[in-house]
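*Asks:* Fold the following, please.
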Amino acid sequence: MEGVAGVCGFPRNAFGNALTDIAEKIVYMETALYLLPVTLGDTPLERVLPSYNKEVISQIKYFIVEDVRSARRFLKKADPSVCIDELQFFELNKHTRPEAIAGYLQPLAEGHSMGVISEAGCPAVADPGADVVAIAQRKHLKVVPLVGPSSIILSVMGAGFNGQNFAFNGYLPIEPAERTRRLKELENRVYSENQTQLFIETPYRNQKLMEEILHTCRPQTRLCIAANITCENEFIQTRTVREWKGHLPELNKIPCIFLIYK
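*Replies:* Numbering: from 1, shown residues only. Take a look at the predicted model:
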């Protein structure tokens with residue numbers, strides 16, 4: 001009989017088509033701790049995050065976040081239909097007591113999926129989210145990292161440096177003499193270990209750090225300055241220290257990552 005082939009034997013009518021559309025949109029999710037990347041700036045989500053991430057987000061009610069206010073904004077941007085008041089947030093940052101972190105995973109232990117959200121980029125990479133992931137692993141709870149932008153990986157891709165051997169060193173010391181010593185140490189590793197070195201600075205100290213690099217490192221050492229990655233005014237350029245002198249960009253208060261290599 002014409003039109004019999006449908007969902008579960010029902011005729012292929014408008015109702016059947018609607019059921020099929022709904023079924024195709026349902027994402028099967030294992031109960032897990034989902035690591036949810038966010039944009040690195042005001043970049044539209046569709047440019048840097050897969051649609052699958054949004055579907056996962058729409059099914060989670062418990063979130064471990066670095067900052068509740070920015071996490072709420074991100075979730076509303078990812079899924080405008082989400083009811084923020086129905087969600088529960090656990091704040092994880094430098095002010096969180098270590099003994100409190102383990103309790104954050106109670107909903108996961110009870111069978112509810114949870115999400116981890118950083119302030120920018122990928123959670124648990126140069127991020128306090130790593131602490132709760134470590135606890136989840138020790139408790140043999142499933143952890144699922146999702147695809148998204150990482151300034152560390154993207155800067156390595158764009159620098160033209162060794163992408164098989166690199167190290168991210170976080171923030172350099174604030175004290176001038178100690179910072180100079182650390183810069184020389186990292187540059188020595190570039191030449192002795194053939195290893196790309198990455199580091200960052202608080203945005204308002206970018207200019208001072210760049211000047212320090214030019215003053216401390218060898219003229220032939222290459223420096224890549226990567227700023228506003230994935231954003232509208234993205235800046236990624238590699239030059240030798242000698243070539244940068246007198247030509248430093250103005251990057252005060254702009255998120256940057258710095259890479260050196262031979």
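
*Asks:* for I260, phi and psi?
*Replies:* Backbone geometry at I260, expressed as degrees, to the nearest 10, gives phi -130, psi 150.

*Asks:* Quick check, pLDDT for it.
*Replies:* As predicted, I260 sits at a pLDDT of 98.

*Asks:* K184 is in contact with that one, correct?
*Replies:* No - here I260 lies out of contact with K184, judged by C-beta atoms under 8 Å, at a distance of 11.0 Å. C-beta: built from backbone N, CA, C; applies to glycine.

*Asks:* Which residue of these two possesses the greater neighbour count?
*Replies:* Taking other C-beta atoms under 10 Å, I260 and K184 do not tie; I260 has more neighbours (25 against 13).

*Asks:* Check the gap between the more buried one and I152 for me.
*Replies:* 14 Å (C-beta to C-beta, to the nearest Å).

*Asks:* okay, now the nearest residue to G148 once chain neighbours are set aside: neighbour count?
*Replies:* Distances taken as C-beta to C-beta, 6 or more residues apart in numbering put P37 closest to G148, at 2.2 Å, once the chain neighbours are dropped. When counting by other C-beta under 10 Å, one arrives at 23 neighbours for P37.

*Asks:* you'd agree I64 is in a strand?
*Replies:* Yes - according to DSSP: H, G, I helix; E, B strand; the rest coil, I64 belongs to a strand.

*Asks:* quick one: contacts for M114?
*Replies:* Residues in contact with M114 (C-beta atoms under 8 Å, 6 or more residues apart in numbering) are A32, L33, Y34, I60, Y62, F63, I64, L105, P107, L108.

*Asks:* hmm, try it at 6 Å
*Replies:* M114 sits next to L33, Y62, P107, L108 when contact means C-beta atoms under 6 Å, 6 or more residues apart in numbering.
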